[in-house]
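J.: build me a model:
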Amino acid sequence: MKINCDLVVVIQDSNKEITNEYLLTQIAEYKKENEYLRQELAQLKRFIFGAKSERFISNEPPLPPNTLFTQVNEEEQPLENLTERITHTREKAVHKRGGRKELPDHLRREVIVLEPEGKTDDMKCIGKNVTEELEYIPGVIYVNRYERPKYKDPKSEKIIIAPMPSRVVDKCIAGPDFMTYAIIGKYLDHNPYYRFLQQLKRMHQVDIP
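T.: Purely as a prediction, here's the structure:
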């Protein structure tokens, strides 16, 4: 059977056009999906790290100070006056660190005392570091309160303190269960960020600026 060469060429050209059109369509869809995923990632970063602005800033530091989940409520106790000597002696007040509101007093505290390794019987306790972490179990928001006593070795003058446990996000005020609760609400239940904050305030009396 003799095949019309012109017809074959036309069919081949048509196939090329169809293939090119299909590839261009696929590329456009992939670009659209990529942009969508980039926006979702940006929203997730803003939600976890607590940025108030809804715009994405590519050079934004990963943990800006005094944002929603940045740990700023670590304090040293006791809060006593220190004597500082420069050219004369004067009293200097010690203030708590951080600019965000402290976690509400009405929330239940689970106190976790972390002692340093080794013997501390012959050392003097000179205070403690306190770190509070917001946590969640179904229907209840509570606080994990980590207390780490500080000891001073009378011989070496060395200060000894237990390290903090590893965190999901470094310097984050939210514990892993609370973060899971927040992220599920945002991305599975489609609960806007501002509405999540309103629910915290209305249902649990937790006001996060």
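J.: the helices in this protein, which residues?
T.: Using DSSP state H, the helices of the chain run over 5-49, 176-187, 193-204.
J.: quick one: low-confidence parts of the chain?
T.: 1-17, 43-100, 209 (pLDDT under 70).
J.: try it again at 90.
T.: 1-104, 117-122, 138-139, 154-157, 165-174, 179, 182-209 (pLDDT under 90).
J.: so which of the helices of the chain is nearest residue 116?
T.: Nearest to residue 116 among these is helix 176-187 (24.6 Å), distances taken as C-beta to C-beta. Heads up, the C-betas are built off the backbone N, CA and C, glycines and all.
J.: other SSEs contacting that closest one?
T.: In terms of contacts (3 or more C-beta pairs under 8 Å, 6 or more residues apart in numbering; DSSP states H and E), helix 176-187 is packed against helix 5-49, strand 124-137, helix 193-204.
J.: check which helices and strands the last one sits against.
T.: Helices and strands in packing contact with helix 193-204 are listed as helix 176-187; criterion 3+ C-beta pairs under 8 Å, 6+ apart.
J.: angle of the helix it packs on against strand 124-137?
T.: The directions of helix 176-187 and strand 124-137 differ by 30 degrees, with axes from the mean of the first three to the mean of the last three C-alpha atoms, to 10 degrees as the criterion.
J.: quick one, helix 176-187 and helix 193-204 angle?
T.: 130 degrees.
J.: from here on, call the first residue 57.
T.: Got it, the first residue is 57 from now on, which makes the last one we talked about helix 232-243.
J.: buried residues of helix 232-243, list them for me.
T.: 233-235, 237-238, 241-242 (16 or more other C-beta atoms under 10 Å).
J.: identify the residue spatially nearest to residue 214, adjacent ones excluded.
T.: residue 208 (7.4 Å; C-beta to C-beta, 6 or more residues apart in numbering).
J.: repeat for residue 218
T.: Looking at residue 218 with C-beta to C-beta, 6+ apart, the closest residue is residue 170, at 4.0 Å.
J.: what sits against the one you found?
T.: Going by C-beta atoms under 8 Å, 6 or more residues apart in numbering, residue 170 touches 202-204, 218-221.
J.: just residue 181 next, same as before
T.: Contacts of residue 181 by C-beta under 8 Å, 6+ apart are 205-207.
J.: residue 168 versus that one, what's the distance?
T.: In this view, residue 181 and residue 168 are 17 Å apart by C-beta to C-beta, to the nearest Å.
J.: from the buried residues of helix 232-243, which is closest to residue 227?
T.: Among the buried residues of helix 232-243, and counting by C-beta to C-beta, the member closest to residue 227 is residue 235, at 13.4 Å.
J.: wait, the closest one touches residue 225, no?
T.: Yes. Shown here, residue 235 and residue 225 form a contact pair, counting by C-beta atoms under 8 Å, at 7.5 Å.
J.: can you report how many residues lie near the residue nearest to residue 165 when sequence neighbours are not counted?
T.: Setting aside the residues directly before and after it, residue 165 is nearest to residue 201 in space (C-beta to C-beta, 6+ apart), at 4.7 Å. The tally of other residues near residue 201 (other C-beta atoms under 10 Å) stands at 17.
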